[in-house]
Structures are given as structure tokens and as C-alpha cells.
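Engineer: can't give you the sequence, but here's the structure:
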């Protein structure tokens, strides 16, 4: 090994566990719940303080959901976030698709987080399943972990944390710019629900060139080199991020590549909170595709539509058209969405103002990309 470290199986160094899902039909398991219940789709960032769903004491006592202590490192085992890692910063319960690696006095949770994060591509390559990769606890417990002193771990974590903190600061600035764009939407066009300016109403299908879902791939198509397939994890707070990527090797048609100004939407996910989130495809350095649980909306009206999709009224329309309990947005549902359609001169004025904001965002995104490259490089130095 590069650093002449000794390695041991993760399973010999840590206790691991997975959770469970209380029966959805038992209201006493969820109504008034105060215990956070983490699902695999929510393992999408380093520090995890909260989640969307809460369960009751009764649910914990009568199901396989169990408490996991703070400072446990968690890894998503199924779906779009498979092999994604996070750290529980407070005690939670989890579903069965999350593997929890319980704290050990011999390891800093932040060190284990960075180490496991560096192995993501390799772990996805070992996964099984059809459309979505599945990683078993056996695969996780078989991971070889380096044996280091606390001081050695602290040295590595301190270096990687400095870079990670700069990335988060830039992401916070991006969030501010997105909020500014949304405020500009209301000031320019009014509330789409009440439509105070009396804009004509159109269906989304009337003002889009394409609305289409992405490619389905098998785990054995995942490779270190190949085409990036954009997934839910590539949308963070409406930002386009590439710090969690999967590459595949499979033939693709021309219309299976994203284009600049396409709107990328998460159309299916285990977490209802993540369904419907969007980002705008920027100028890319390489060609990319998108996964089967994602949808591309292509339209010359993308500045207007991108902001519209982030408004509460869009989700309200979706909830009225929903005909299934599955957390998904179908092509048919999207095509039927009704949208107030402002005059083109006003849309063009709005687009120019948004372009100024986008220029600022591009500068920040470039900084994030450079910092992410640096972080990946340093993790590669230490771990690979």
C-alpha cells in the first residue's frame, strides 16, 4: 500500500447494523412521532442532523427500526444514493436500506467518512441489482480499513475538512443566489396561483421541446471511465454538483445526452421530499447522460420554467394529479401541468436578469468544482 499501512476488515473493527420500516398502514407508528427515521435517499451529505419522517416509541418497540447512536457513520445500500456516506450527528433510527457503522473509540467518525467516501465507485461496481445498485452489509463489512493512530487520523481529517468547509461556504453563497432569483420571479410575473397579471394559461407540453426520462443501466456497466450519468445526488439545493458521480460504459444515442440549459428533475426517489427537485444544466466539459429516475425538460423558456418548478404551486399541482403511492412524477403528469405564460418581452427581460445571476453562480460553481477536484485528489493520495 502507498503508506505502508496495515489493513483489517471493517467487520472486525466495527459493529454494524441496519434498520427497518414500521408498517405504513399503522397510524400509531407515525402520527405524532418524535423519533427521527432516516431513509437511504437522505444519506446525501457529510453531517446529518435531521430527516423528513418521524416515528413513535410504539413503532420502535414493535418493529425492526432501532436507535443508532450519534457519531455513527451511515452508508446507503440501495437506490440512487447507494454507497453514499454520512455521519449521524445525533441519535436516529433508520430504514433497512441504511447500514450503520457504530462508533469505535479507535476511529474518528470523520476519518471513516472520508475513507469510505473515497471507495464509492469501487463499492458501486461490486453492487448487484438491475436499474439501481444494491450494496449488501457483507460487502461493507468486507471493506479493508487502515489501522491508524488518532493523531494520524486527525492529521488527515484536518486537511480534508479545510477543503470541505470551503466547498460548503461556496454552496451557501449559491443558495443565496438561488433565493434572489426566486424573489425576482414573483416581482416580475406575480404569483402563478392567483395570476394577478392575467397571463394566458398553457400546458407544459405546449411550451417544451422534450420531456423525457433517462437511461437504465446495470451495476456491471459502472466503471472508473465512461459517461457520467446524472442522478438525484447531482442536485443539491437546486445546484448542479458533481462531487458524487457514477460513470457507465454503454452505447448511448444522441438524444440521451444532456444539453446546456436542460432542466434536470428528480422524478422518482424513495424520499418524497427529493422528488421534483431541479437544477439547470450548465456548460459542461464533457458529455453526460441522465438516469432512469430522472427527467429532462427541454424548452427555450427554461429561465422561466426553472424558477416555476421551484415554487410551492408546482408541488401543489403534482399532489392533485398523483394517482399512486409511489414517490414519482410521470411524463404524463408533467405534460399536464398548467403554467401561466407571460409575454415574451417580459420573459426576455427576466432571462437577462437571471443571466447576470447565473454569471455569479458560474464563478462560484467553478470554485466549487476546483475545490472538489482538490478534495478528490487529496483523498486519492491518502486512501487509493
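Structural biologist: Sure thing, it's come through. It should be emphasised that the depicted structure is a prediction, and the values quoted were computed from it without experimental measurement. Residues are numbered from 1 along each chain as shown.
Engineer: residue contacts, the spatially most central residue of the chain?
Structural biologist: Nearest residue to the geometric centre of the chain (CA atoms, centre = their mean): residue 233, 2.3 Å. Neighbouring residues of residue 233 by CB atoms under 8 Å, 6 or more residues apart in numbering: 44, 80-81, 84, 241, 244. For glycine as for every other residue, the C-beta is placed from the backbone atoms N, C-alpha and C.
Engineer: between these, which is closest to residue 72?
Structural biologist: Of all the contacts of residue 233, residue 72 sits closest to residue 84, with 14.8 Å by CB to CB.
Engineer: correct me, but residue 89 touches residue 48?
Structural biologist: Yes. Under the criterion of CB atoms under 8 Å, residue 89 makes contact with residue 48 at 6.2 Å.
Engineer: quick one, which of the two is more surrounded?
Structural biologist: Counting neighbours by other CB atoms under 10 Å for residue 89 and for residue 48 shows that residue 48 has the greater number, 19 against 15.
Engineer: separation between that one and residue 339?
Structural biologist: To residue 339, residue 48 is 35 Å away according to CB to CB, to the nearest Å.
Engineer: same check on residue 289?
Structural biologist: 27 Å.
Engineer: hey, which strand is longest across the protein?
Structural biologist: strand 222-230 (DSSP state E).
Engineer: for stretch 58-73, what is the average pLDDT?
Structural biologist: The predicted model assigns stretch 58-73 a mean pLDDT of 94.
Engineer: any idea how far apart the tips of it sit?
Structural biologist: 26 Å (CA to CA, to the nearest Å).
Engineer: ditto for stretch 252-267
Structural biologist: Terminal residues of stretch 252-267 lie 21 Å apart, using CA to CA.
Engineer: again with stretch 3-21
Structural biologist: End-to-end distance for stretch 3-21: 42 Å, by CA to CA.
Engineer: which phi and psi does residue 40 have?
Structural biologist: phi -60, psi -40 (degrees, to the nearest 10).
Engineer: before we move on, back to that, what comes up buried for the longest strand of the chain?
Structural biologist: By neighbour count on 16 or more other CB atoms under 10 Å, the buried set for strand 222-230 is 222, 227-230.
Engineer: so what are the sheet partners of the helix or strand that that strand is followed by and their directions?
Structural biologist: Where DSSP states H and E defines the elements, the next helix or strand beyond strand 222-230 is strand 235-236. Within its sheet, and counting by DSSP bridges, strand 235-236 is paired with strand 239-240 (antiparallel).
Engineer: list the buried residues for stretch 35-46?
Structural biologist: Under the neighbour-count criterion of 16+ other CB under 10 Å, stretch 35-46 has 35-46 buried.
Engineer: could you pull up the residues touching the residue lying closest to residue 77 once chain neighbours are set aside?
Structural biologist: Closest residue in space to residue 77, ignoring its immediate chain neighbours: residue 135 at 4.6 Å, by CB to CB, 6 or more residues apart in numbering. Residues near residue 135 by CB under 8 Å, 6+ apart: 75, 77-78, 82-83, 99, 123-124, 126-127.
Engineer: same question for residue 91.
Structural biologist: Contacts of residue 91 by CB under 8 Å, 6+ apart are 67-70.
Engineer: for the stretch 201-350 of the chain, which spans come out with low pLDDT?
Structural biologist: 321-326 (pLDDT under 70).
Engineer: can you do 80?
Structural biologist: Along the stretch 201-350 of the chain, segments meeting pLDDT under 80 span 237, 243-244, 270-273, 319-326.
Engineer: please flag which of the buried residues of stretch 35-46 sit within strands.
Structural biologist: Per DSSP E, those map to strands at 35-38.
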